[in-house]
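Enquirer: The following comprises the amino acid sequence and a computationally predicted model.
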Amino acid sequence: MIDLYTWATPNGRKISIMLEEIALPYRVHPVNIGAGEQFAPAYLAINPNGKIPAIVDHDGPGGQPLSLMESGAILLYLADKSAHLLASAGAARYDALQWLMFQMGGVGPMFGQVHHFVRFAKEKIPYAVDRYVTEQKRLYAVLDAHLAQAEYLAGEYSIADIATYPWVARHEWHPLDLAADYPQVKRWFDAISARPAVRRGMAIPA
């Protein structure tokens, strides 16, 4: 059994989607980050960074419990544990990993800054808005050009797609028209949206 500590954010939804895709049994523990529950001592013992998501796998390596933080690390662990959605070796594995790192180092942080400065900041700072929206558009363009040549980010559906999808799922928060501006991303987004496991994972926590 895996305990999943999560909230309704793109990073949290990566892991619920993954767990639904690989059909491992898990329990959901909502961590209300708006109420500061991520800073409770009991949670910090699991994730000292005080963010979501985190997991505790009670049947970890060697049959021992394993706590993991950081969504990318969790995706890698679950892919290796289940032998699904990531090649075990060779070029295909590294292809998926490079796109996973693209999400972790680019899409997630930059889209997150757009969400903050465009949607939530009490003061709209033109320099910040322009900086992060410009970079977000560049990242969308990279995805669109790549997806014009590939069905999924690493050719076949993988943890790279699972990592990126929940961030693109908030495209209505972004100053763009996904279908008109990035049609290949829209095609990819619609295909992933149709997956039953993705629909279930996006609904967690309820």
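Expert: That came through, no problem.
Enquirer: I'd guessed D95 sits against A150; true?
Expert: No - if you go by C-beta atoms under 8 Å, D95 and A150 don't touch, sitting 9.4 Å apart. The C-beta positions use only the backbone N, C-alpha and C, and glycine is treated the same way.
Enquirer: So those two - more neighbours on which side?
Expert: More crowded of D95 and A150, by other C-beta atoms under 10 Å: D95, with 18 against 14.
Enquirer: Give the full set of residues in contact with the closest residue to P205 other than its chain neighbours.
Expert: In space, and not counting its chain neighbours, P205 is closest to P30: 4.2 Å by C-beta to C-beta, 6 or more residues apart in numbering. Neighbouring residues of P30 by C-beta atoms under 8 Å, 6 or more residues apart in numbering: 6-7, 205.
Enquirer: right, and the helix or strand after the longest helix seen in the chain?
Expert: The longest helix of the chain (DSSP state H) is helix 126-147. As assigned by DSSP states H and E, the chain's next helix or strand after helix 126-147 is helix 159-168.
Enquirer: Need the contact partners of that following helix.
Expert: Here helix 159-168 makes contact (C-beta under 8 Å, 6+ apart) with 9-11, 13-14, 17-18, 21, 71-72, 75-76, 78-79, 85-86, 96-97, 99-100, 102-104, 107-108, 111, 143, 152-154, 178, 185, 188-189, 192, 198, 202.
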